[in-house]
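Student: here is my input, please return the structure:
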Amino acid sequence: MIAREGLPFILIALAIASTALWGATRWNSLTLTIIATLFALVTIAVTMFFRDPDRSCADEPGLVVSPADGTILSIDTLSNHPVTGAGTLKISMFLSVANVHVNRVPISGRVDYVKYVPGKFLVAYLPKASEDNEHTEIGMTDSTGRKVVFKQIAGTIARRIVCRIKGGEELAIGSRFGLIRFGSRMEVFLPAGSAVTVATGDKVRGGETVIGRLTGHQSQASSKSGHMGANTV
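Tutor: Now for the predicted structure:
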């Protein structure tokens, strides 16, 4: 399966390759043969980038799956977070151009908010890219009131974030919700007490690899804080 956002790029590259091949055959042109070969390779590369394989995972209470394919960059504990509260666990991952770039929902629950933030296009694996780069932040609440936040972050090459989520939607864990073109960063914020099941350097698969488990119920104070801070992250 191919992500629909990639079809224009694939068709353009394929059209150029086909036209150049037709010209190379008609006029016996070495230059056009080279152009046709190059764009045939581009077509293959772009098709691979926008691949969208089927994934499946168990929908168990409290389960958190990776929202993207990539490599775990870091796992940090934050002193506070406007939505998920004190002791928030932050899991950061880097997506190379070779990874599948279709993004998936990490938990089952209701979408509280979706916020786009314009910014820079620093190299995505740098820590400061988390706040300085263009990104889209999504907040969700599961059926027991536990809140999870995740962010699509653009990089130097990835300059187009696609997010199809809207506030108020009920989404199932592992469902597709968007993508980031050509290399990027994803982050997931889990409330205190959650168990992280991955380590720095691990390779993860979106919608399939379990990266954490939520425990307990979100406190009323944290829930109020998350609602008030949703637009100030």
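
Student: name the helix or strand for Thr47, please.
Tutor: In this structure, Thr47 is located in helix 30-49 according to DSSP states H and E.

Student: can you pull the contacts of the residue nearest the centre of the chain?
Tutor: Closest to where the C-alpha atoms of the chain average out (C-alpha atoms, centre = their mean) is Asn103, at 4.2 Å. Residues counted as contacts of Asn103 (C-beta atoms under 8 Å, 6 or more residues apart in numbering) are Pro67, Ala68, Gln152, Arg176, Phe177, Gly178, Leu179, Ile180, Met186, Gly206. To be clear about C-beta, it is placed using only N, CA and C from the backbone, and glycine gets the same treatment.

Student: just the buried subset of the residues you listed, please.
Tutor: Among these, those classed as buried by 16 or more other C-beta atoms under 10 Å are Pro67, Ala68, Gln152, Arg176, Phe177, Gly178, Leu179, Ile180, Met186, Gly206.

Student: need the per-residue pLDDT for the closest residue to the first one other than its chain neighbours.
Tutor: With sequence-adjacent residues excluded and distances taken as C-beta to C-beta, 6 or more residues apart in numbering, Pro67 is closest to Pro106, at 4.8 Å. Note on Pro106: pLDDT of 97.

Student: same check, this time on the one 4 residues further on
Tutor: Predicted confidence (pLDDT) for Arg110: 98.

Student: what of the one 4 residues further on?
Tutor: As summarised for this prediction, Val114 has a pLDDT of 97.

Student: now it: which helix or strand?
Tutor: Counting by DSSP H and E, Val114 is found in strand 109-117.

Student: check Ile12 too.
Tutor: Going by DSSP H and E, Ile12 is part of helix 7-27.

Student: quick check: buried residues in that helix?
Tutor: Phe9, Ile10, Ala13, Leu14, Ile16, Ala17, Ala20, Leu21, Gly23, Ala24.

Student: so which residues of the protein form helices?
Tutor: Under the criterion DSSP state H, the chain contains helices at 7-27, 30-49, 129-132, 220-229.

Student: between those helices, which one is closest to Pro118.
Tutor: helix 129-132 (10.8 Å; C-beta to C-beta).

Student: which parts of the closest one are buried?
Tutor: Neighbour-count burial for helix 129-132, counted by 16+ other C-beta under 10 Å, picks out Ala129, Ser130.

Student: which other helices and strands contact it?
Tutor: Here helix 129-132 touches strand 147-154, strand 184-190, going by 3 or more C-beta pairs under 8 Å, 6 or more residues apart in numbering; DSSP states H and E.
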